[in-house]
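> Curious how this folds, go ahead:
(one chain, ligands or ions: 1)
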Amino acid sequence: MIKEKQNIALELDIEKIREDFPILSKKVNGKPLIYFDNGATAQKPKQVIDAIDNYYTNQNANIHRGVHTLSQETTVAYENARTIIQKHLNAEYAYEIVFTSGTTESINLIASSFGKKFITKGDEIIVSAMEHHSNILPWQQICENTGAILKVIPINQEGELIFDLYKNLFSDKTKIVAITHISNTLGTINPIEEIISFAHSKNVPVLIDGAQAVSHTNIDVQKLDCDFYVFSGHKLFGPTGVGVLYGKEKWLNQLPPYKVGGGTIKTVSFDKTEYADLPLKFEAGTPHIEGGIGLAAAIDYINSIGLDNIANYEHHLLEYTTKALNKIEGLKIIGQAKNKASVISFIVEGLHPFDVGTLLDQMGIAVRTGHHCTQPLMQFYNIQGTIRVSLAFYNTEKEIDLFIEALIKAIKMLK
Ligand code: ALA
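Predicted coordinates:
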């Protein structure tokens, strides 16, 4: 174990990595910041901050619209960012990468465009019981608009999907499966390869919500064979307001535009408009240019560390934290899946998560409390909310020790 720890420490020089994140040396309420809310948004390394600063200092111009040098240079930088994302996901073509404002917009885009094209009354859409609201509401709305039916894959008490029941949900009316890769509340890593492969055996396409997965694991969309994969930049150490929709060319080509406007067209007349090819037909208006460039810088940064190294180290932190939490009397971890990412939700008997979170904040520790935009999950566990610790590769054992100490103190104060 000690050797393993040393190896992890050798592979990742955490103290050096932390120096890349200016905010990590900040004090909050007079205490050094311990940032354990990475599932809500991750902190940004100076490489990303510098890329955005450089964009506004040296490049700022609109893209795809100008003959002038700045516009052309910026267009190249933006399209280069798309290619970096394509390579990172191992998508076959750069035009299968559509920039959106985030996971939520990516899912809304597919639900709306796929819904318009392929979903009618009586059709069925499959989601799971552990979805974030952003992967429920867009589908629920399509169901309301079309008369389609939303079917839900049940989970067990550990917070794992029940695969046999998933299989039973399919019928000849099933049109799409939309499922999270990693649960933002439970940390469960879903067996998406098997989920996709089963859906494909029934000729049903699959959308994977990768919002919580992209910062913890490598994604190879060709190997997964998913039809759509979506995520947000800000959870991958990039800027807010930018996200990605990967879609297989064969699907994206069939879907109507979601938002229309400047940039999405080939020709416009008052009689008829012809839309642009991929990906522009889905990118109306001036995009979040610095967001795309900043996201590419984040991906380069992550790859310089290596997602396999990150996953190993985070797994170690997950085990370390889980072990320490399990020693606290009256504390219950919600989500005990065998295959988990470094996200731990828990409740403390008799205490409101909000009160615990507030006291932890007084001690400089940022956690998320509440229902985590997964109210159906809260209903399943019959709880109001949880306290959630979501760890990133810049977190340390020392921070976990301080957190456990602070948590014990908070519990004593509240009981
Ligand atoms: N979905 C994000 C979270 O889990 C915001 O905190």
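> near the ligand, which residues of the stretch 101-250 of the chain?
Counting by Cβ under 6 Å from any ligand atom, the stretch 101-250 of the chain comes close to the ligand at 132, 184. Where you see a C-beta, it was placed from the backbone N, CA and C, and this is true even at glycine.
> Helix or strand: which one has the residue of the chain most remote from its centre?
Here the chain reaches farthest from its C-alpha mean at residue 271, the gap being 40.9 Å by Cα atoms, centre = their mean. For residue 271, there is no helix or strand it lies in under DSSP states H and E.
> For the closest residue to residue 307 other than its chain neighbours, the count of nearby residues, please.
Closest residue to residue 307 apart from its sequence neighbours, by Cβ to Cβ, 6 or more residues apart in numbering: residue 218 at 4.6 Å. Per other Cβ atoms under 10 Å, the neighbour tally for residue 218 reads 17.
> Go ahead and list the helix or strand containing the spatially closest residue to residue 301 that is not a sequence neighbour.
Spatial nearest neighbour of residue 301, excluding adjacent residues (Cβ to Cβ, 6+ apart): residue 47 at 4.7 Å. For residue 47, the host element (DSSP H and E) is helix 46-54.
> Output the contacting helices and strands for that helix.
Where contact means 3 or more Cβ pairs under 8 Å, 6 or more residues apart in numbering; DSSP states H and E, helix 46-54 is packed against helix 289-305.
> Does residue 83 touch residue 93 like I think?
No - Residue 83 is beyond contact range of residue 93, at 10.0 Å (criterion: Cβ atoms under 8 Å).
> Name the residue of the stretch 1-150 of the chain that lies nearest to the ligand.
Residue of the stretch 1-150 of the chain nearest the ligand, by Cβ to the nearest ligand atom: residue 40 (3.5 Å).
> Who are the contact partners of that residue?
368, 390 (Cβ atoms under 8 Å, 6 or more residues apart in numbering).
> And the residue of the stretch 301-415 of the chain closest to the ligand?
Using Cβ to the nearest ligand atom, the closest approach of the stretch 301-415 of the chain to the ligand is made by residue 372 at 4.9 Å.
> re the thing from before, for the residue of the stretch 1-150 of the chain closest to the ligand, give me the backbone phi and psi.
Here is the backbone geometry of residue 40 (degrees, to the nearest 10): phi -80, psi -50.
> Which per-residue confidence value corresponds to it?
What the model reports as pLDDT for residue 40 is 98.
> Could you check how far it is from residue 234?
Distance of residue 40 to residue 234, given as Cβ to Cβ, to the nearest Å: 9 Å.
> Name the helix or strand of this structure that has the lowest mean pLDDT.
Lowest by mean pLDDT, DSSP states H and E among the helices and strands of the chain is helix 2-11, with a mean of 50.
> That one: what's the following helix or strand?
Counting by DSSP H and E, what follows helix 2-11 is helix 14-19.
> Would you mind listing what in the stretch 251-400 of the chain touches the ligand?
Neighbours of the ligand within the stretch 251-400 of the chain, by Cβ under 6 Å from any ligand atom: 368, 372-373.
> before we move on, back to that, check the gap between the residue nearest to residue 307 and the ligand for me.
According to Cβ to the nearest ligand atom, to the nearest Å, residue 218 stands 21 Å off from the ligand.
> So that residue lies in a helix, does it not?
No - assigned with DSSP: H, G, I helix; E, B strand; the rest coil, residue 218 falls outside any helix and is coil.
> Let the chain start at 13 from now.
All set: I'll call the first residue 13, so the last point we hit is now residue 230.
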